[in-house]
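> What follows is a protein structure lacking sequence information:
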């Protein structure tokens, strides 16, 4: 069964850090680009960051560049999102998603991601 499970969310003060994990099972994760998305209350879901299936290419939304880092460990079937210097506007439910891609293809076709986890809440507040 194709499954993605996010973890690592929580409540953090502004300027703090969190590391989100996306654990994949039921498929060969090295064939898939993985993206992190977020959705804040009353807002549309947006792509935050993605990493190609090989890990050679990463993409970040302008709002998180320099603060977030995406990485993957295909041997552990896990993708991570390290979030530093968090801001209140980062508050949202964060989802990981998978997209089957050809080797070394870009990962930023946000609308094509079609496998989703259940999400993890991130709240940045003092």
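Received the coordinates, thanks. Small disclaimer: the values here were computed from a predicted structure and weren't measured.
> Let me know the distance separating the spatially most central residue of the chain from residue 126.
Geometric centre of the chain, nearest residue: residue 36, 2.2 Å, by CA atoms, centre = their mean. As judged by CB to CB, to the nearest Å, residue 36 and residue 126 stand 24 Å apart. The C-beta positions use only the backbone N, C-alpha and C, and glycine is treated the same way.
> how far out from the middle of the chain is the strand or helix carrying the residue nearest to the centre of the chain?
Taking DSSP states H and E as the definition, residue 36 sits inside strand 32-39. Put simply, strand 32-39 sits 4 Å off its chain's centre (CA atoms, centre = their mean, to the nearest Å).
> Can you spell out which helices and strands pack onto that strand?
Applying 3 or more CB pairs under 8 Å, 6 or more residues apart in numbering; DSSP states H and E, we find strand 32-39 packed against strand 18-25, strand 46-51, strand 68-73, strand 78-83, strand 92-100.
> how about 6 Å then?
Using 3 or more CB pairs under 6 Å, 6 or more residues apart in numbering; DSSP states H and E as the contact test, the elements touching strand 32-39 are strand 46-51, strand 92-100.
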